[in-house]
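1. Structure for this input, please:
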Amino acid sequence: MPNSSTLIVIPVFNGASTLPRLMDELSQAGISNIFFVNDGSEDDTAQILTNNSINYVSHTRNLGKGAAIKTAASWAIRREYEWILTLDADLQHPLTSIPLFLNARGDNTVVVGSRRNLASMPFNRRFSNKFTSLLLSIRSNTLLSDSQCGFRLIPLKLFTQIKFFQNGFQFESEMLIKAALSGYRVDHVEIPTIYGTEKSAIRNFKDTVKFSTMYCHSFVW
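-> Predicted coordinates:
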C-alpha cells in the first residue's frame with residue numbers, strides 16, 4: 001500500500017451514498033495517507049468526512065474535478081509528498097489495484113488505469129471514452145487507451161513544471177496532453193471495469209463543448 005511519499009487523493013461531489021463503504025474499505029486496507037477534496041457538495045459529504053476524522057478541505061462551491069485535484073496537489077506539495085494517486089469516490093476504482101500503480105511508478109511517468117473489458121460500461125460512455133482517447137492519442141503522439149479513467153498516479157513535480165487551466169473533467173485530458181508534450185511518459189495498468197447505479201457527474205453536451213474547446217486550444221499551447 002502507499003508509502004509516505006504517495007498521497008491518495010479523492011475528489012468528491014455529493015458522495016454521501018458511497019463514502020461510508022469507501023471509508024470501510026480504506027480502513028480495512030490499512031491506508032492512512034488519504035486526502036479528500038469536498039468540491040462544494042450539497043449533501044452530507046462534509047459531515048461524513050468530519051465524523052471519520054479524515055484529512056480534507058472543502059470548496060465553498062462546486063469548482064470541478066480538475067480544481068479539486070489541483071487543490072489536493074498544492075496541499076501535497078506543501079507537505080513534501082512526491083506523488084498523488086487519484087481515485088474516484090464512487091467505488092469504481094478498487095483499492096486492490098493500488099499496488100499496480102505503485103509498481104509502475106517513475107519520476108517522469110504518469111500512470112493511468114486502463115479498463116480493458118468495457119462490456120458493463122454504458123454505450124454512450126464507452127463511445128465517448130474510445131473517441132476522446134483516439135483524439136488525445138493523436139494530439140499527444142502517445143497511445144492513450146483510457147483517457148477518461150480518473151485512477152492515476154501523478155508525479156507532483158508535474159504541477160510545478162506545467163500550468164494547468166482546466167478546472168472541470170477536461171483537466172484530465174489537458175494533463176495527459178501537456179505531460180506527453182513535455183516529455184513525460186504515460187504508462188497504463190489494467191484495472192477492472194466497475195459500474196453500478198451511480199449517476200455520472202459528466203454533463204454530456206456542456207462537457208463535450210468544453211472538451212472540444214480545450215482540444216482545439218491545445219494546438220496553440
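2. Quick one: neighbours of Leu156, just the number.
-> When neighbours are defined as other C-beta atoms under 10 Å, Leu156 has 20 of them. All C-beta spots, glycine's among them, are computed from the backbone N, C-alpha and C.
3. quick one: contacts for it?
-> 73, 76-77, 81-84 (C-beta atoms under 8 Å, 6 or more residues apart in numbering).
4. any idea how far it lies from His59?
-> To His59, Leu156 is 20 Å away according to C-beta to C-beta, to the nearest Å.
5. coming back round to it: pipe the contacts of Leu156 into CSV and attach secondary structure, distance to Ala67 and pLDDT per row.
-> Converted to CSV, the contacts of Leu156 look like this (DSSP: H, G, I helix; E, B strand; the rest coil; distance: C-beta to C-beta, whole Å; pLDDT from 0 to 100):
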residue, secondary structure, distance to Ala67, pLDDT
Ala73, helix, 11, 98
Ala76, helix, 15, 98
Ile77, helix, 16, 98
Tyr81, coil, 19, 97
Glu82, coil, 22, 97
Trp83, strand, 20, 98
Ile84, strand, 15, 98
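6. got a winner among these for most neighbours?
-> That'd be Trp83 among these, by other C-beta under 10 Å, with 27 neighbours.
7. these two touch, right, Ala20 and Ile48?
-> One correction, residue 20 is Pro, not Ala. Yes. Between Pro20 and Ile48 there is a contact at 6.8 Å, judged by C-beta atoms under 8 Å.
8. higher neighbour count, these two?
-> Ile48 (21 against 13).
9. Secondary structure of the more buried one: a helix, I assume?
-> Yes. Assessed by DSSP: H, G, I helix; E, B strand; the rest coil, Ile48 belongs to a helix.
10. Contact partners for the residue nearest to it when sequence neighbours are not counted?
-> Closest residue to Ile48 apart from its sequence neighbours, by C-beta to C-beta, 6 or more residues apart in numbering: Leu19 at 4.8 Å. Residues in contact with Leu19, defined by C-beta under 8 Å, 6+ apart, are 12, 45, 48-49, 89.
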